[in-house]
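Colleague: Task: produce atomic coordinates for the following.
(2 chains)
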Amino acid sequence: GAGVSQSPSNKVTEKGKDVELRCDPISGHTALYWYRQRLGQGLEFLIYFQGNSAPDKSGLPSDRFSAERTGESVSTLTIQRTQQEDSAVYLCASSLAWHEQFFGPGTRLTVL
Amino acid sequence: GIQVEQSPPDLILQEGANSTLRCNFSDSVNNLQWFHQNPWGQLINLFYIPSGTKQNGRLSATTVATERYSLLYISSSQTTDSGVYFCAVGTQGGSEKLVFGKGTKLTVNP
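Modeller: Residues are numbered from 1 along each chain as shown, chains lettered A, B, ... in the order given. Model (predicted):
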């Protein structure tokens, strides 16, 4: 079946602009995660959704970052007033509850 | 929070050689995954192995949860094995987020 998909694959924006990144999880996966990977680094957790439970937002780096998920479907990660330090690859993953996570191809964000 | 340490940070091999990558973690885990990140950035699932031993072709992995480490074995390495290998763990009692190590960068030369 189809894997996790993300769009856009690349996004170039100017400092101060807002951006929206989209993630479509694997059908039937109840859990969805966002991670960030800065150049040459490992992945950092941002936010986690599981069914109708309150999301775990403990990894969001500032209040400029927010995310939503519609039921057990698509999720959007929004970054307001982008800064140069927001430049990174943003990766989405999905899984069945308490099971193996599968990652999408990522969105490469460049803030000029 | 839990700490994840991978070693070695860099590894250079000749094609055909074998290698062992190590992942140490500082607390009990209920999830442990090994990934290969290819040169295009895609994370490829290798093993979901919170405990025990698994094999898939030239790759195998062992996690000894009681001693808080996992090993990834690569045999008869090929140039296509090049890339970064990440270990990531999830802990009990919290959300299902993964905590990643810094990775082992593997270069296989022809």
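
Colleague: So which residues on chain A come close to chain B?
Modeller: Counting by CB under 8 Å from any CB of the partner chain, the residues of chain A close to chain B are A:31, A:33, A:35, A:41-45, A:48, A:50, A:56, A:58-59, A:89, A:91, A:93, A:95, A:97-103, A:105-106, A:108. From N, CA and C alone the C-beta is placed, and that goes for glycine too.

Colleague: Mind checking which of those are buried?
Modeller: By neighbour count, with 16 or more other CB atoms under 10 Å in any protein chain shown, these hold A:31, A:33, A:35, A:42-45, A:48, A:50, A:56, A:59, A:89, A:91, A:93, A:95, A:101-103, A:105-106, A:108 as buried.

Colleague: Do you have the strands of chain B handy? List them.
Modeller: Remark: strands assigned in chain B by DSSP state E are B:4-7, B:10-14, B:19-25, B:31-37, B:43-48, B:52-56, B:59-64, B:69-74, B:83-90, B:99-100, B:104-109.

Colleague: Check the ones you listed for me and report the most buried one.
Modeller: Mean neighbours per residue, mean count of other CB atoms under 10 Å in any protein chain shown, is largest over the strands of chain B for strand B:83-90, with a mean of 24.

Colleague: and it, average pLDDT?
Modeller: For strand B:83-90, mean pLDDT is 96.

Colleague: Off-centre distance for that strand?
Modeller: 5 Å (CA atoms, centre = their mean, to the nearest Å).

Colleague: Describe which strands that strand pairs with in its sheet and in which direction.
Modeller: Strand B:83-90 sits in its sheet next to strand B:31-37 (antiparallel), strand B:99-100 (antiparallel), strand B:104-109 (antiparallel), going by DSSP bridges.
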